[in-house]
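Colleague: the following block contains a protein sequence and its predicted model.
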Amino acid sequence: MQMMKLLRGLLALLAFAGTAAAKVPVESFAAQQTFENPRISANGTYIAVSADLGNDEHGLLVYKLADMSNTAFLKLPKYQLAAEIHWVSDTRLVYVRGGKWGAREQPFSYGEIIGLDYDGKHHDYIYGYKESTLGVGVPKGFGVVVGLPRKRNGTFYMSRASAENSLPATLVYEVDASPRSGKSRLVSDIGERGMSFVLDAAGMPRFATGWDKSDNHLLFAADEDGKNWRKIPTQSVGGVFVPFALTPDNNHVFGYFSVDDGPSSVVKADLSLANRETLATDGFNSIDNVQLDIKGQPQMIEFKGALPRVAYLDPASADAKLHAELRRSFPGQHVRFVDQSADGNILLVYIYSDRNPGEWAVMDRKQNRLARLLQRNAAIDPAQMGSRQYIRFTTRDGLELDGYATLPPGSEPSKLPMVLLPHGGPHGIADVWAFDTDAQFLATRGYLVLQVNYRGSGGRGYAFREAGHRQWGTRIQDDLIDGMRWAVEKGYADPERICVYGASFGAYSALMLAAKAPELVKCAAGLSGLYDLRSMANKSDTSRSFLGRAYIKRVIGRDDNELLANSPLSLAAQITQPVFLAHGDKDERTPIEQAEAMKKALEKAGNKPIWMPVQKEGHGLYNEKNVVTFYTRLESFLESSIGAGK
């Protein structure tokens, strides 16, 4: 009861109910996702956060939690951002400099690690491909922060990848990030590239895991000194074991375990990995989100699907009780503990739902006080959004799939005009229960939005992901067609009013489905689309690296005739429905030449598409004005093709 009283003020801000009648302005969906990746200092005094400043620019901000006064503001060069933030002491942090090209791309690391004080001073280039201003004594290369000491002392653990003497290797160092320090110590050396490490409480690497160029899992174990690395074959373990934490006594290891490339479970094993205890398993979806406590031990396990279900490993613990109380206090929303001070008193809480884009609150446990801190998108009113229902259905070949149906606010799923929204990727990506900007925009315009996790998607194990390899134009599209038919048979969708819209691979599917299922698909819209697989294989940024070319060979093959046959470009004559194509002229993932070729092919076939080239945009639209224009034109296109939504 005491907690409920203390939460009352925040509940008024975060809780939602009912349906608002007013149409949500398109500008609300175009608003930038302002904050990302907040982290609390070791003593709980400061918080650092990556901020989206608009126009492809980002910054790193530091605030004093007591009054939210800004103590540091660092504006990064265009297209650069703080991909990771780690507090190494009470007053100093390191951030990993990364980049983001296009709204549909995920941030990526440059492998550069930079130090900064809470007040913006001592901005030091610690490690990367340039000379270190601290002179840490480590040869240049690609740096990855792999861990922090349990007691923050100004140091961090870093792996370094390089290709010196043509020998791939990942080395682990302890690096002192203190200003003018320049100290480092080699902790471990392993003869494989790009490995992730699990450290024990003393900061010693004990396990390393990764994937080779052929997508085979690699697992290594070291002795208590982080030396004498030995490879552990998958066959000897009985499956794929991906470790993520050690017990305090270093006698057991926690990990994700997958048998026969199926969905992963959470297990606890001895160091031989032969004796395992299953802590949580689903059977359909992989379990891949475990929240750790202040000692780095698993305390909560999330199950995917609808609103995430949580299993507490120790329900009697103070953390479990607090988390359960917060979940009850925010019905219909999910709660995560994402960071905390070294003493566990100051807790950073993330709250989100299918209708709430997400916001962070700070819990002072001694004061029993919870206060809102930051919002992802303050322009969104959750009460005006649609609900997101978890669905499952069986395909024509007997494979069970899942997905989501987002309903227009206040509507029942009964013969609604529908937009199928295939996700991008396609591999390793999955639609989940969370706020989806595209889906909610369309739902607030009165359309049922169907999203299907087709074969090849992530979150169900490697075998399910591999089932989509070389099936881009065939089985994957059949899965999406079966999803549309399921929605019609259930009475959810009006079979005469179905359109397909997607971005990247989703745009590929939109055009493929228009050709393959004209009896269902009445229009198709693509943003930043992939329309010629030959171009992806030979001209995209993916094709520029050795690993990228290996990926292309694995997932779509290298036969130009086969690639063309499975490309929308070759099927233009079969597409007679209205088509809307939008594309950024700076897109390197799917260059605009693909869209221009698709446009010309449709015109040659007598089906002139609506065409929206966008200057100075990459893979997806980033500029708010461009997003508003695109969404406005998409809404108009849907209305003219399948009628206004309900």
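Modeller: Thanks, I have it.
Colleague: which residue, other than its chain neighbours, is closest to His469?
Modeller: Leaving aside its sequence neighbours, His469 sits nearest to Val555 (C-beta to C-beta, 6 or more residues apart in numbering; 4.9 Å). No exception for glycine: its C-beta is placed from N, CA and C like everyone else's.
Colleague: domain assignment for the chain?
Modeller: For the chain, the structural domains run 123-231, 385-642, going by automatic domain parsing.
Colleague: ends of the first one, how far apart?
Modeller: Which is domain 123-231. 40 Å (C-alpha to C-alpha, to the nearest Å).
Colleague: tell me the mean pLDDT over it?
Modeller: Computed over domain 123-231, the mean pLDDT rounds to 84.
Colleague: go on, stretch 377-386?
Modeller: Rounded mean pLDDT across stretch 377-386 is 94.
Colleague: ends of it, how far apart?
Modeller: 16 Å.
Colleague: buried sites along that stretch?
Modeller: Across stretch 377-386, burial judged by 16 or more other C-beta atoms under 10 Å covers 377, 380, 382, 384-386.
Colleague: one more: stretch 426-433?
Modeller: 426-427, 429-433.
Colleague: and those, which two are furthest apart?
Modeller: His427 and Trp433 (20.6 Å; C-beta to C-beta).
Colleague: roughly how far apart are the residue nearest to Cys523 when sequence neighbours are not counted and Phe580?
Modeller: Excluding its sequence neighbours, the residue lying closest to Cys523 (C-beta to C-beta, 6+ apart) is Ser641, at 3.6 Å. From Ser641 over to Phe580 the distance is 9 Å, taken as C-beta to C-beta, to the nearest Å.
Colleague: list the residues that contact both of the two?
Modeller: Cys523 (C-beta atoms under 8 Å, 6 or more residues apart in numbering).
Colleague: who's more crowded, the two?
Modeller: Neighbours of Ser641 and Phe580, each counted by other C-beta atoms under 10 Å, are more numerous for Phe580; the result is 25 against 19.
Colleague: mind listing what that one touches?
Modeller: 523-526, 609-610, 612, 633-634, 637 are the contacts of Phe580 under C-beta under 8 Å, 6+ apart.
Colleague: buried subset of the residues you listed?
Modeller: Neighbour-count burial (16+ other C-beta under 10 Å) applied to the contacts of Phe580 gives 523-526, 609-610, 612, 634, 637.
Colleague: need these in JSON lines with distance to Asp559, can you?
Modeller: Formatted as JSON lines, these follow (distance: C-beta to C-beta, whole Å):
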{"residue": "Cys523", "distance to Asp559": "32"}
{"residue": "Ala524", "distance to Asp559": "26"}
{"residue": "Ala525", "distance to Asp559": "30"}
{"residue": "Gly526", "distance to Asp559": "24"}
{"residue": "Pro609", "distance to Asp559": "28"}
{"residue": "Ile610", "distance to Asp559": "33"}
{"residue": "Met612", "distance to Asp559": "33"}
{"residue": "Leu634", "distance to Asp559": "35"}
{"residue": "Phe637", "distance to Asp559": "35"}
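Colleague: these in strands, which ones?
Modeller: Counting by DSSP state E, these place 523-526, 610, 612 in strands.
Colleague: can you tell me which of the residues you listed is closest to Thr406?
Modeller: Ala525 (16.8 Å).
Colleague: test my guess that the closest one contacts Cys499.
Modeller: Yes. In terms of C-beta atoms under 8 Å, Ala525 counts as a neighbour of Cys499; the distance is 6.9 Å.
Colleague: and Met484, what helix or strand is that in?
Modeller: Taking DSSP states H and E as the criterion, Met484 maps to helix 475-489.
Colleague: what of Tyr95?
Modeller: Using DSSP H and E, Tyr95 maps to strand 92-99.
Colleague: ok, that strand: who's next to it in the sheet?
Modeller: Sheet pairing for strand 92-99, assigned by DSSP bridges, gives strand 80-87 (antiparallel), strand 108-117 (antiparallel).
Colleague: using CSV, lay out those strands together with mean pLDDT and distance to Val175.
Modeller: Output for the strands paired with strand 92-99, formatted as CSV (pLDDT from 0 to 100; distance: least, C-beta to C-beta, whole Å):
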stretch, mean pLDDT, distance to Val175
strand 80-87, 95, 11
strand 108-117, 92, 8
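Colleague: which of those sits most buried?
Modeller: Mean neighbours per residue, mean count of other C-beta atoms under 10 Å, is largest over the strands paired with strand 92-99 for strand 80-87, with a mean of 22.
Colleague: show me the contact partners of that strand.
Modeller: Contacts of strand 80-87 (C-beta under 8 Å, 6+ apart): 37-42, 46, 48-50, 58, 60, 76, 93-100, 107-110, 145, 148, 152, 156.
Colleague: so what does the lengthiest helix in the chain touch, helix or strand wise?
Modeller: For the chain, the longest helix by residue count, based on DSSP state H, is helix 624-642. Counting contacts by 3 or more C-beta pairs under 8 Å, 6 or more residues apart in numbering; DSSP states H and E, helix 624-642 is packed against helix 26-30, strand 416-420, strand 493-503, strand 523-527, strand 579-584, strand 610-614.
Colleague: chain center to the helix or strand that the third one is followed by: distance?
Modeller: This points to strand 493-503. Next along the chain after strand 493-503, taking DSSP H and E as the criterion, comes helix 505-516. Centre-to-centre, helix 505-516 and its host chain are 23 Å apart (C-alpha atoms, centre = their mean, to the nearest Å).
Colleague: which residues does helix 505-516 contact?
Modeller: With C-beta under 8 Å, 6+ apart, helix 505-516 has contacts from 420-426, 472-473, 476-477, 480-481, 500-502, 520-521, 523-531, 568, 571, 574-575, 577, 579, 581, 598.
Colleague: averaged pLDDT, that helix. What do you get?
Modeller: 97.
Colleague: just stretch 627-646 next, same as before
Modeller: Across stretch 627-646, the average pLDDT comes to 95.
Colleague: ranges for the strands of the stretch 201-350 of the chain?
Modeller: Listed in chain order, the strands of the stretch 201-350 of the chain (DSSP state E, counting those that start in this stretch) span 205-211, 217-221, 230-231, 240-246, 252-258, 265-270, 276-280, 290-292, 298-303, 309-312, 334-340, 346-352.
Colleague: follow-up on the earlier one: so what sits against both of Ala525 and Cys499?
Modeller: By C-beta under 8 Å, 6+ apart, the residues touching both Ala525 and Cys499 are Leu638.
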